[in-house]
Every structure is written in structure tokens, then in C-alpha cells.
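[1] got a structure for you, letters missing:
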């Protein structure tokens with residue numbers, strides 16, 4: 001029997017190690033629910049909890065509170081209340097849950113022994129325990145030095161019948177990593193986890209737990225190493241049973257961190273291709289507190305194969321993913337369809353295709369071929385690049401503040417490059433199209449005037465080269481200083497519209513739009529900045545030309561990756577600030593990254 005599991009190997013690590021000489025009390029709360037009044041009983045969950053209790057108490061030195069047997073929701077809450085009240089700031093805390101669970105697409109829920117069957121989702125929410133709101137939030141509020149949790153909340157393939165109509169999707173909902181967190185799911189989003197390899201399987205543990213426990217018992221081994229080796233073994237074991245199961249890892253701790261005072265070799269002993277790519281992407285000078293949200297990793301590996309496959313695939317058929325029909329912006333050069341009633345009117349009338357852009361006044365629109373991007377002429381001028389240290393969300397790589405100057409006007413794409421424009425290049429044979437769930441994938445969100453996604457830096461460069469050949473113009477990616485000049489539009493605040501994110505100004509995880517943390521929005525759905533440019537903040541990250549550097553001195557000798565700017569639909573508001581910088585390896589392609597073009601005049 002298969003079961004879908006939320007097994008989250010979750011570590012919140014305080015990186016300030018100066019006080020490590022002061023002993024912390026280690027406490028663990030471990031629950032295993034195998035018997036259910038109405039749901040299917042689970043064979044391995046109690047064994048899993050027994051194994052974790054032994055390892056945490058005898059190998060890792062935790063004081064273990066073991067919640068036994070068929071706990072009802074009220075019993076669980078009472079026991080957990082008592083446990084939380086015993087936590088003091090600076091303690092090291094573990095939380096383990098093994099049993100049934102479910103997701104409504106935005107929160108994961110733990111099912112206790114009295115969880116009802118065949119009820120509405122509203123009743124189910126009330127009768128189960130919200131992982132983020134009722135467990136993790138309460139633990140964090142006690143300010144422990146460490147939260148280390150393994151959350152194994154599982155449902156079998158028939159678990160859709162839990163609600164009326166059996167509408168629940170299998171799989172789990174991703175939660176973003178906070179500062180110092182390591183999150184490990186026993187399976188990727190939408191996958192089923194193996195309870196056992198066969199009916200004759202003698203192990204007391206599930207496939208995931210049997211791979212994790214022996215490694216976890218060695219406190220000197222780095223948690224990142226343990227997690228990655230566990231993922232590799234689970235994948236191999238499942239493959240032998242003709243099953244796909246790829247545990248997903250969200251890493252927010254130092255690669256060398258372990259639960260002992262002295263750690264063994266911090267190098268990962270096993271790194272597969274997608275994990276290697278993800279680690280290189282996220283290994284910057286900033287902490288993961290600044291990265292939560294926009295490092296919700298969406299890889300080029302398809303759903304069912306890559307451990308960071310698109311969460312949106314799971315959300316498409318779950319609330320609030322049902323997107324109401326909106327007026328779509330026109331592909332013509334007239335006034336765009338927008339949601340903000342206070343938006344300015346259209347820019348100056350667009351010249352006919354074929355007009356010489358060099359002769360156009362500032363802020364004029366032009367387009368040089370039928371499906372070429374609409375371009376806006378930006379004036380020469382000066383701008384500040386970077387952010388002051390007191391700006392909310394400031395990172396060290398956004399300084400020192402520098403003044404940039406542009407002696408010549410240049411043109412910038414009015415919108416991010418769209419699927420219509422990209423597919424014209426594909427049809428001409430100059431851009432690749434890998435189809436759905438690979439390079440060129442629209443993730444099922446729609447094509448036409450949505451921004452193209454799942455394109456690498458090399459893909460973006462190929463598109464610019466094609467437009468240049470088609471038009472005879474010098475099209476290219478923006479440089480990083482050009483991008484910030486264009487995004488700021490003469491502003492000095494965190495966003496071009498002001499110091500705070502506001503309401504419905506952009507598409508991000510917390511921007512209060514219809515698409516927040518769900519999918520891309522069609523281009524042109526929000527008010528443009530003072531230069532007449534749309535979606536410079538949010539919607540998709542945009543590839544730019546530059547190599548990433550650790551600060552704005554731009555003097556790093558090695559090119560560790562290419563810069564992306566602007567944040568995405570999955571980014572926290574601080575990441576869509578005009579000064580925010582991030583990077584990725586140039587071969588990466590994912591559903592949060594697109595691009596726009598510049599043209600030298």
C-alpha cells in the first residue's frame with residue numbers, strides 16, 4: 001500500500017554560536033498515530049515514532065515526551081500545550097509527528113485518531129491540526145535556539161474520500177524555509193510515499209524513516225549531508241519497487257551544521273543534479289531569512305522526477321487557484337488593460353513598424369516587427385544603485401550605494417517577453433521549445449501574453465540575438481545598472497511607488513493580488529512606473545547581462561552566476577524591491593524566471 005506523506009525534516013538553527021558554551025536543554029515531542037476511528041489504520045507510523053524516540057533520547061540527548069497510541073485532537077492539543085509551556089528561550093526543541101495528514105493547497109494538516117471521514121473541507125480544517133499555524137508558529141514564539149522537526153503526516157491513495165465528493169488531491173503543500181531551516185519531504189509534491197517495499201517487508205519503519213534514522217543517530221554528521229544521503233537512498237529503494245519517490249530538500253542552514261559540538265567532514269557525500277543546481281543557486285552571502293519565499297525552488301525537472309517540482313501543479317485545482325476571468329491586456333500598442341484605475345494613460349503613439357528608433361523622443365513606444373517586444377525609449381540621466389542600510393530588507397550585496405550615469409538614451413521592453421513573442425522565435429527555429437514540464441513550459445498557466453518562463457540565461461540571449469537578426473537592431477539583455485535605473489524611474493524609495501508594498505501594485509507572495517504565490521499574471525495587469533514600464537517589480541525574475549558580485553563594487557574575479565532582478569510571483573515583498581539582487585547559474589530555468597530586452601539606440 002502506498003501512502004502520500006508529508007515528512008518534513010525541519011531545522012530552525014540560530015546561527016549566533018557565540019553562546020554555545022552555555023548549555024541548552026534539548027526537548028523532543030514525538031507522536032505516532034497508527035490507529036484511527038474512521039480513517040485507514042497505518043502500519044509503520046508507531047514504529048517510526050519508536051525509532052525517532054530512541055535516536056533523539058539515546059543518541060542526540062533530547063528529553064523525550066512520547067505521546068502514545070490513538071490520540072484524539074483534544075488530547076494532542078492538551079499535551080502539546082504542556083510541552084510548549086515548558087520551552088524556554090535558547091532551548092533546543094524537536095517535534096516529530098507520524099500519522100495521516102492532508103492539505104488544502106495552502107496549509108498542511110495533521111490528522112489525529114478521531115479525524116472524521118466524508119465531511120466538508122471546512123469541518124476537516126476544524127477537526128485537524130494546522131501544521132504551520134498551530135504547531136510551528138507556537139514553537140517559534142518560544143524563541144528556542146533550535147527547532148528540529150520530522151513531520152510525517154501521511155495519507156494513502158484513497159484519502160481523497162476523506163471529504164464529501166473525494167476531491168482532495170494527493171501530495172503535500174510546500175512551506176518556505178525560514179532562516180536556518182532544513183526542510184525534507186519524504187516525497188516530492190504530488191508523489192506517493194512507500195509505506196513498505198512489499199507485503200513481506202519486515203522493517204518496522206517506512207521506506208523514508210529506515211533511510212533517515214541510521215544517519216540521524218550520528219550527531220557529528222552535518223544535517224545537510226544526512227538529508228541528501230537519505231534522499232538518494234529513498235529514491236533508489238523506491239526505484240527497485242518500480243515507484244517514483246524523490247524526497248524534497250529546502251536548505252536554509254550552513255552545510256557544515258551538525259548536532260554535536262564537533263562535526264565531521266561538512267562536504268555533501270552525495271549530490272544529484274537538481275540538488276547541486278539548487279545549492280549553487282542559494283549559496284550567497286545572505287541568510288535564508290532574506291530568501292524565504294523567492295527561493296521556493298521550481299526546477300527544470302518535471303513533476304514526479306525532480307524533488308523541487310512545481311508546487312503550482314498541485315495548486316491548480318485547489319482554492320484559491322480558480323482565477324476569475326479578467327480583461328486581458330491588448331497585444332496592440334494602445335493603452336493597456338490594467339487593474340489600477342489611477343494608472344496614467346497610454347504613452348505617446350507608437351510609430352509604424354520600421355521607423356528609426358534613434359530619432360524618437362524620450363518615452364516613445366516602438367516595435368520593429370510584428371511579434372517583437374514593445375520598446376520604450378528611456379532618457380539619458382543619473383540614478384542611485386543599491387539601497388541604504390536602513391531600508392527594510394537591505395542586504396549587504398546592495399551596497400555600497402553608487403551613482404550610475406547614462407550618457408545615451410536606450411530602449412527597454414515595455415513588458416516582460418511574452419509567450420507569443422517567444423513562440424515566434426521557436427517557430428523560426430532560433431529558440432528551443434522543450435514542451436510542457438521542461439524548458440519552454442508554461443506550467444499549465446497559459447501562453448499568449450503571460451511572461452515566458454522556464455528559460456535559461458542562454459535562452460534569453462538566443463532570443464535577443466534572433467530579434468536583432470529580424471530587425472537589424474542591437475537587442476540584448478539589460479545590464480544590472482540599466483535594470484535598476486529602469487525599475488526606479490527616478491524614485492529613491494524601496495519600490496518605485498513608495499516605501500512599502502501597498503495593495504495590488506505587483507504580483508508577489510504578499511502583494512495582495514489575484515495571483516500572489518500562485519502563478520504568473522498576464523503582463524500589464526498593474527500600474528506602470530513613471531517610465532511606462534510594467535512589472536519591473538514582481539511577476540517573474542528577469543535575467544540581466546551581468547555576472548553576480550557580492551557587492552556593488554562589481555570586482556569579483558569569478559563569475560559564479562548571472563544576476564536576476566525584480567522578484568517573482570513567489571517572492572516575499574522585500575525581494576521585489578528595486579535594489580534587491582539575486583543570481584542563478586546561467587543554465588537554470590524555472591517557473592519564477594523570465595526576462596525583458598533592451599535595445600541600444
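    It's in. The structure displayed is predicted, hence computed values, not measured ones.
[2] got a list of what residue 531 touches?
    Listed by Cβ atoms under 8 Å, 6 or more residues apart in numbering, the contact set of residue 531 reads 363, 376, 378, 412, 486, 489. (Glycine included, C-beta is placed from N, CA and C.)
[3] going by distance to residue 217, which of these wins?
    If you rank those by distance to residue 217 using Cβ to Cβ, residue 486 comes first, at 54.0 Å.
[4] that closest one: what secondary structure?
    helix (DSSP: H, G, I helix; E, B strand; the rest coil).
[5] cool, residue 237 as well?
    Using three-state DSSP, the structure places residue 237 in helix.
[6] quick check: residue 391 vs residue 491, distance?
    Distance of residue 391 to residue 491, given as Cβ to Cβ, to the nearest Å: 12 Å.
[7] ditto for residue 570
    Distance from residue 570 to residue 491, by Cβ to Cβ: 24 Å.
[8] also residue 148?
    In this view, residue 148 and residue 491 are 43 Å apart by Cβ to Cβ.
[9] so the two - more neighbours on which side?
    residue 148 (25 against 17; other Cβ atoms under 10 Å).
[10] make sure that one is indeed in a strand.
    Yes - counting by three-state DSSP, residue 148 is found in a strand.
[11] check what pLDDT it gets.
    Here, the pLDDT recorded for residue 148 equals 86.
[12] so it sits right up against residue 91, yeah?
    No - between residue 148 and residue 91 there is no contact under Cβ atoms under 8 Å: 11.3 Å.
[13] element containing the closest residue to residue 142 other than its chain neighbours?
    Leaving aside its chain neighbours, residue 142 sits nearest to residue 87 (4.0 Å; criterion: Cβ to Cβ, 6 or more residues apart in numbering). In this structure, residue 87 sits in neither a helix nor a strand according to DSSP states H and E.
[14] now the one 3 residues further on
    Secondary structure here is read from DSSP H and E; on that basis residue 90 sits in neither a helix nor a strand.
[15] what number of residues lie near it?
    Counted with other Cβ under 10 Å, residues neighbouring residue 90 total 16.
[16] what ranges does the stretch 51-200 of the chain have for its helices?
    73-85, 121-127, 137-141 (DSSP state H, counting those that start in this stretch).
[17] and the first one, how far out from the chain middle?
    Using Cα atoms, centre = their mean, to the nearest Å, the mean C-alpha position of helix 73-85 is found 31 Å from that of the whole chain.
[18] and the contacts of it?
    Contact with helix 73-85 is made by 27, 29, 31, 65, 67, 71, 112, 114-115, 127-129, 134-135, 138-139, 142, as judged by Cβ under 8 Å, 6+ apart.
[19] show me the shaky parts of this structure.
    Residue ranges of the chain with pLDDT under 70: 1-24, 69, 154-180, 188-191, 250-252, 265-355, 433-440, 555-557.
[20] residue 522 is in contact with residue 507, correct?
    No - counting by Cβ under 8 Å, residue 507 sits too far from residue 522 to count as a contact (9.8 Å).
[21] can you give me the helices in this protein?
    45-54, 73-85, 121-127, 137-141, 207-216, 223-240, 273-282, 311-315, 419-427, 457-471, 480-488 (DSSP state H).
[22] isn't residue 149 up against residue 92?
    No - with contact defined as Cβ under 8 Å, residue 149 does not count as touching residue 92 (11.7 Å).
[23] ok, and the closest non-adjacent residue to residue 541?
    residue 564 (4.0 Å).
[24] burial count for that neighbour?
    28.
[25] how far away is it from residue 519?
    In this view, residue 564 and residue 519 are 18 Å apart by Cβ to Cβ.
[26] can you check residue 462 too?
    25 Å.
[27] more crowded one of these two?
    The neighbour count for residue 462 versus residue 519, taken as other Cβ under 10 Å, is higher for residue 519 (25 against 15).
[28] ramachandran angles for that one?
    Phi and psi for residue 519, reported as degrees, to the nearest 10, are phi -170, psi 180.
[29] excluding sequence neighbours, find me the nearest residue to it.
    Among residues not flanking residue 519 along the chain, residue 445 sits closest, at 4.5 Å (Cβ to Cβ, 6+ apart).
[30] where's that neighbour relative to residue 419, distance?
    The spacing between residue 445 and residue 419, counted by Cβ to Cβ, is 10 Å.
[31] which of the contacts of helix 73-85 count as buried?
    In terms of neighbour count (16 or more other Cβ atoms under 10 Å), the buried residues within the contacts of helix 73-85 are 27, 29, 31, 65, 67, 71, 112, 114-115, 128-129, 134-135, 138-139, 142.
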